[in-house]
Every structure is written in structure tokens, then in C-alpha cells.
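Colleague: With the sequence up front, the predicted model follows.
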Amino acid sequence: MIQLIAFYLFATVVIASAAMVIFARNPVHSVMWLILAFFNAAGLMLLAGAEFIAMLLVIVYVGAVAVLFLFVVMMLDIDFAELRAGFVRYLPLGALVAIVLAAELVFALGAWSAGGIDLAARAAPVVADKTNIQQIGELLYTRYIFLFEAAGIVLLVAMIGAIVLTHRTRGGVRPQKIADQVRRRPQDATRLVDPGVGQGMEL
């Protein structure tokens, strides 16, 4: 009974917050509603026994993606009048995209349940003595270990490429010479000058 109440509570808040993401006029408020939707979706995943996905929603989406959206929106100089005008202008196109997505969801659900096979029979088997995270870890580091390592190598190459592009040699820039800065003595860095009255400084 408690799980049923929690499910309807989380589901209601997810739907309401998702609607507020769309209808909120302030983009900062939209991002805050999006964070609330992610948290409640994580609660739904916990009720479904998928604690790994729940942690991904909180750590990756709330901790990184949504916060990044929030900072980007706060740093942008947004004209809210123009934003509202653009909303009315693109409303027919957005409604068309929404109808297409809804039709795809209905088609996917129909294809999933086609043939009279129960949905529970198609789900992955659940081991009683192991959690969802343990099963994903064993599968990831045994059967898909080479794909996992290949994905890590791709990310490493992308990180090295970003560093190389950032630290490329630019013309007209005075580079920092750390050795000269370390060898510099205090008497070379400062000079005490006592000019007389009416005399200027010599640079």
C-alpha cells in the first residue's frame, strides 16, 4: 500500500514538474522544475528496483547536466518578450513534433505487447541474492569489458584532443617562463626610491 502511494506521488510530481518545465516563462524556473522532475524520476526507478538508473539520474543529470543548464541560462542575456514571441511563432511546429512523438510512443507500446506475450516475460531475469548494481557490474566487466575499455579510450583521446587544441601555440602572446619567475630575487623585483620634493619618478 505504501509503495502504491509513493508511486502515484512520484508519478504525479514528475508529470506536473515536466509540464512546468514547458510552461514556465522564466528559463531559470524551467531548469529548477527539470531538477525536481529528475529527482522524482529517480524515486520511481528506486520503486522499480533499478537503483543504478536512479543514481545516474541524481548524479549525472541533476549533478551535471541540469546544473550546467542552470549556469548557462543564468549567464545568458535573455529577452523574455522575444522569447514569448518566438513561442507563439513556433507553436504549430512544436505541436506537430509532439504529436509525432506521441504516435511513436503508442506504436512502440503496441509493438512491445504484440503477439500476446506478457511484458514480464520479456523483462530481464531478476536474481534474488544480487542487487541491480551488482548484476550490471558483473555484466559490464565480464561480457562487455572490451567495449567498456574501448569507450574509455575514445573518451581519453577526446580529452587529449581538447587539451591539445586549447594549449596550441598562438602568435603575439608572451609565454609564461616559470624558471625565470622562480630564479627572480626580491631585490630584482622591487626597488626603493626616495625622490626629492618636486622631482618625478624615472621609469
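Modeller: Received the coordinates, thanks.
Colleague: any idea where the helices of this protein begin and end?
Modeller: 2-23, 27-47, 51-56, 67-75, 80-89, 91-112, 119-122, 132-140, 145-166, 178-183, 186-189 (DSSP state H).
Colleague: Give me the distance from the first one to the chain's centre.
Modeller: What it means is helix 2-23. 21 Å (CA atoms, centre = their mean, to the nearest Å).
Colleague: In that helix, which residues are buried?
Modeller: Buried residues in helix 2-23, counted by 16 or more other CB atoms under 10 Å: Phe10, Val13, Val14, Ser17, Ala18, Met20, Val21. All C-beta spots, glycine's among them, are computed from the backbone N, C-alpha and C.
Colleague: Run the angle between that helix and helix 91-112 for me.
Modeller: Calculated by axes from the mean of the first three to the mean of the last three CA atoms, to 10 degrees, helix 2-23 forms an angle of 150 degrees with helix 91-112.
Colleague: quick check: domain ranges of the protein?
Modeller: 1-78, 79-119, 132-168 (automatic domain parsing).
Colleague: Next up, the contacts around the residue positioned nearest the centre of the chain.
Modeller: In the chain, the centroid-proximal residue (CA atoms, centre = their mean) is Val65; its distance is 1.6 Å. Residues counted as contacts of Val65 (CB atoms under 8 Å, 6 or more residues apart in numbering): none.
Colleague: go with 10 Å
Modeller: Applying CB atoms under 10 Å, 6 or more residues apart in numbering to Val65 gives the contacts Val31, Leu34, Ile35, Phe38, Leu57.
Colleague: Please produce CSV containing the residues you listed, extended by neighbour count.
Modeller: Formatted as CSV, the contacts of Val65 follow (neighbours: other CB atoms under 10 Å):
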residue, neighbour count
Val31, 22
Leu34, 21
Ile35, 20
Phe38, 21
Leu57, 24
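Colleague: Looking at those, which one is closest to Met45?
Modeller: Nearest to Met45 among these: Leu57, at 6.6 Å, using CB to CB.
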